[in-house]
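J.: Got a predicted model here, sequence first, then my questions.
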Amino acid sequence: LGAALRYRGTVTSTQDEARAWADEAPGGAPHGAVVVAERQTAGRGRRGRAWDTTHGTLVFSVLLRQGASGAPLTLPELALLPLAAGVATARAAGTGRLKWPNDLLTEDGRKLAGILLEADLRGEEARRAVLGIGINVSAAPPEAAHLREFRPDLTRAALLSGLLRELHTWLTAPAAEILAAWRAHNLTLGRAVRVQTPAGLLEGLATDLDPQGSLLVQTAGGLRTISAGDVQLVGT
Ligand code: BTN
């Protein structure tokens, strides 16, 4: 990853830059191409939220054109990629724990990093997906936290190179290893959660992940399997 890399000043979103590069003639950006930017004017987060890029954040996107086998990305692979990227980010950051599916938070629940996967689905597969990561390195919005609080010597360059190495490992790791590593870094399991799903709000106890990477939540109405949703940890 990152053998092809573009470093930009101000962009709308590194996600857009990676897509535009992929569409360039003749062949476009290769698998694993990376776009890093200093600033984004329209950075986006999960579920339609904006992602503020202030000075002191590391923001980049990785173009994925294939799964582990070299074939187009399958739905099961796409389901695990956000978790794999969360594991890679937690390991490279050397601090923080994961809120499902992949927010990196401090122990007291402040956000250190966020991850956005945008896949161009065609039926049951994607020929292209863009994985975007934003990390508060030396500054953060008031309610969030930054990595320098925990690692005073960390630079954005060192973090980026370490994270590309981790992504290289985890994006192609076997599912069972991704799930085990995610559990080892998690802040979600065993906690009371409130989850906004496409089907509505539910509350319960987050008990585990299923083999597909979905979150299992024990509610008053039974065990629910959540494949997409926004989790709030109750009591933080
Ligand atoms: C989230 O927490 O909701 C995900 C945030 C993802 C932000 C990153 S910053 C780099 C890339 N470009 C974007 O516009 N978004 C992602």
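T.: Happy to help now that I have it. What you are looking at is a predicted structure, and each value in this text was computed from that prediction instead of being measured.
J.: From now on I want contacts and neighbour counts done on CA atoms only, so please keep to that.
T.: Noted.
J.: The closest residue to Pro101 other than its chain neighbours: what secondary structure?
T.: The shortest distance from Pro101 to any non-neighbouring residue, by CA to CA, 6 or more residues apart in numbering, is to Leu83 (5.8 Å). At Leu83 the chain is in helix, as set by DSSP: H, G, I helix; E, B strand; the rest coil.
J.: just checking, Leu83 touches Ala180?
T.: No - here Leu83 does not reach Ala180: they are 10.6 Å apart, not a contact under CA atoms under 8 Å.
J.: ok so, going back, now for the residue nearest to Pro101: which residues touch it?
T.: Trp100, Pro101, Asn102, Ile178, Leu179, Trp182, Gly213 (CA atoms under 8 Å, 6 or more residues apart in numbering).
J.: Out of those residues, which sit inside helices?
T.: If you go by DSSP state H, the contacts of Leu83 have Ile178, Leu179, Trp182 in helices.
J.: Wait, the last one touches Val87, no?
T.: Yes - shown here, Trp182 and Val87 form a contact pair, counting by CA under 8 Å, at 5.6 Å.
J.: quick one, which of those two is more surrounded?
T.: Val87 (29 against 26; other CA atoms under 10 Å).
J.: For the residue most central in space within the chain, list the residues it contacts.
T.: Compute the mean C-alpha point of the chain, and by CA atoms, centre = their mean the closest residue is Ile115, 2.6 Å away. With contact set as CA under 8 Å, 6+ apart, Ile115 has these partners: Gly45, Arg46, Pro82, Ala85, Gly86, Asn102, Asp103, Leu131, Gly132, Ile133, Gly134.
J.: returning to what we had before: would you turn the ones in helices among the contacts of Leu83 into JSON lines with distance to Ala144 and pLDDT?
T.: Shown next, in JSON lines, are the ones in helices among the contacts of Leu83 (distance: CA to CA, whole Å; pLDDT from 0 to 100):
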{"residue": "Ile178", "distance to Ala144": "26", "pLDDT": "98"}
{"residue": "Leu179", "distance to Ala144": "26", "pLDDT": "98"}
{"residue": "Trp182", "distance to Ala144": "22", "pLDDT": "98"}
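J.: shaky segments in this protein?
T.: 236 (pLDDT under 70).
J.: What residue spans form the domains of it?
T.: 5-184, 192-233 (automatic domain parsing).
J.: and the contacts of Ile115, which of them are in strands?
T.: Asp103, Leu131, Gly132, Ile133, Gly134 (DSSP state E).
J.: out of those residues, which touch the ligand?
T.: Gly132, Ile133, Gly134 (CA under 6 Å from any ligand atom).
J.: Of those, which is the most crowded?
T.: Gly132 (27 neighbours).
J.: about what we covered before: which of the contacts of Ile115 count as buried?
T.: Gly45, Pro82, Ala85, Gly86, Asn102, Asp103, Leu131, Gly132, Ile133, Gly134 (16 or more other CA atoms under 10 Å).
J.: Which residue, other than its chain neighbours, is closest to Val36?
T.: Phe60 (4.3 Å).
J.: do the helix or strand hosting the one you found and the ligand meet?
T.: Using DSSP states H and E, the element containing Phe60 is strand 57-64. Yes - contact between strand 57-64 and the ligand, assessed by CA under 6 Å from any ligand atom, occurs at Val59, Phe60, Ser61.
J.: which of these tops the neighbour count?
T.: Ranked by neighbours (other CA under 10 Å), the residues of strand 57-64 next to the ligand are led by Val59, which has 29 neighbours.
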